[in-house]
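> missing the sequence, but the structure's below:
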């Protein structure tokens, strides 16, 4: 028998492989290929950051132009997919994205081109899902840029005043080392499953409320808090019952989530008096005072998207439309230096039963 090594449940603090894509530095900064994610969000476009994640370097001007054009072209979806959505009329946007990614009539033979197609279609699939469910005409957008076009599609193109803030949020969602959905993708990739199957595994994992689906729950409780006193009461009740407060705590960040603080700063610039923002600050301050528990990016991301006029049905698709570029990089990193991911388990059931 080979030597069995026992590790923490949930693989907490367990290093399972090497990656050159992203990490959290000793200073607590999220790094994409060595660059601070918050610096990229402030200074670079979504497309330039995606190119960095996928290709391992920032693009030259020519590379940036070609990559952005390729994404723009690939954002269009096959008309047959719209016909299926009109028949299906699925209300769960993430469920429909997973289904449409799976059955999409891809024409790309090269795996990298196939992945870029998947990377590019989530914005239109998101918009079309809701239009089909409501029985409304499908909406197209002539807006240029991946994040700007997505923002236009899911807000009805009413205003583009805060498209830059939306782009920053999408950049911060793009990658986060071996998170649950990325690890699920790498497990699938390690079996040499095709890219579509691996992405479906990631999408299914992202849908869970303990991973990507916490945003709506954040808004639900913040909407009932109207003062610092109510914030303290809410926190005290949850702590007394040992219940999780959505939007707080992170396996990687024990003192601060740099993404959360960056989005918080963005909200301070554009919506300092927004009631949900003030409620979040009150809960954050008291929970840190009481438990030293930091806010994670879900807390302020939910508020920002609400302020930007984005329906809650699209919160998780926004996450997916960003993170899929990270999945792209992880898929190829896994298969290029592959070993099937197949851990052991400690059996605690009965043995030697007789009939």
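Perfect, thanks for sending it. Please read all numbers here as calculations on a predicted model, not as lab measurements.
> right, and residue 98 touches residue 200 too?
Yes - using CB atoms under 8 Å, residue 98 is in contact with residue 200, at 5.6 Å. Any C-beta I mention is one placed from the backbone N, CA and C, and that applies to glycine too.
> so where do the helices sit in the stretch 201-350 of the chain?
Counting by DSSP state H, counting those that start in this stretch, residue ranges of the helices within the stretch 201-350 of the chain are 215-222, 228-240, 258-270, 275-291, 297-307, 315-336.
> and those, which is most packed in?
Between the helices of the stretch 201-350 of the chain, helix 297-307 has the highest mean count of neighbours, a mean of 25, where neighbours are mean count of other CB atoms under 10 Å.
> okay if I get the helices of the stretch 201-350 of the chain as TSV plus distance to residue 247 and mean pLDDT?
Output for the helices of the stretch 201-350 of the chain, formatted as TSV (distance: least, CB to CB, whole Å; pLDDT from 0 to 100):
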stretch	distance to residue 247	mean pLDDT
helix 215-222	4	84
helix 228-240	12	94
helix 258-270	8	95
helix 275-291	7	94
helix 297-307	3	94
helix 315-336	12	97
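> I'd like those helices as CSV, with distance to residue 84 appended.
Below are the helices of the stretch 201-350 of the chain laid out as CSV (distance: least, CB to CB, whole Å):
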stretch, distance to residue 84
helix 215-222, 26
helix 228-240, 43
helix 258-270, 35
helix 275-291, 37
helix 297-307, 28
helix 315-336, 18
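> which helices and strands does the helix or strand where residue 113 lies pack with?
Per DSSP states H and E, residue 113 falls inside helix 111-134. Helices and strands touching helix 111-134, as assessed by 3 or more CB pairs under 8 Å, 6 or more residues apart in numbering; DSSP states H and E, comprise helix 61-74, helix 79-88, helix 93-103, helix 146-155, helix 195-206, helix 315-336.
> next one: the last one to chain centre, how far?
When C-alpha coordinates are averaged (CA atoms, centre = their mean, to the nearest Å), helix 315-336 and its chain have centres 9 Å apart.
> quick check: angle from it to helix 61-74?
120 degrees (axes from the mean of the first three to the mean of the last three CA atoms, to 10 degrees).
> just use 36 as the starting number from now, easier for me
Taking 36 as the first residue, the last one we looked at is helix 350-371.
> what angle separates helix 350-371 from helix 181-190?
Going by the same axes, to 10 degrees, helix 350-371 makes 140 degrees with helix 181-190.
> OK, contacts around residue 119?
Shown in contact with residue 119 (CB atoms under 8 Å, 6 or more residues apart in numbering): 135, 138.
> and with 10 Å instead?
The contact partners of residue 119, taken as CB atoms under 10 Å, 6 or more residues apart in numbering, are 113, 125, 131, 134-135, 138-139, 167.
> and these, which are buried?
Buried subset of the contacts of residue 119 (neighbour count, 16 or more other CB atoms under 10 Å): 125, 131, 134-135, 139, 167.
> which of the residues you listed lies closest to residue 374?
Of all the buried ones among the contacts of residue 119, residue 374 sits closest to residue 139, with 29.6 Å by CB to CB.
> phi and psi next, for that closest one.
phi -60, psi 140 (degrees, to the nearest 10).
> excluding chain neighbours, what is closest to it?
Closest residue to residue 139 apart from its sequence neighbours, by CB to CB, 6 or more residues apart in numbering: residue 116 at 6.2 Å.
> would you mind giving the helices and strands packed on helix 146-169 as a markdown table with distance to residue 215 added?
Output for those, formatted as a markdown table (distance: least, CB to CB, whole Å):
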| stretch | distance to residue 215 |
| --- | --- |
| helix 96-109 | 26 |
| helix 114-123 | 27 |
| helix 128-138 | 15 |
| helix 181-190 | 23 |
| helix 230-241 | 5 |
| helix 350-371 | 11 |
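> out of those helices, which gets nearest to residue 319?
helix 350-371 (19.4 Å).
> and the angle from the closest one to helix 146-169?
Helix 350-371 and helix 146-169 are oriented at 160 degrees to each other (the same axes, to 10 degrees).
> circling back to that earlier point, buried sites along the helix holding residue 148?
So for helix 146-169, counting by 16+ other CB under 10 Å, buried means 149-168.
> outline the domain layout of the chain.
53-243+346-371, 250-342 (automatic domain parsing).
> just the endpoints, please. Distance across stretch 341-359?
22 Å (CA to CA, to the nearest Å).
> which member of the contacts of residue 119 is positioned nearest residue 318?
Distances from residue 318 to the contacts of residue 119, taken by CB to CB, are shortest for residue 131, at 32.9 Å.
> which pLDDT does the model give the closest one?
At residue 131, the predicted lDDT confidence score is 97.
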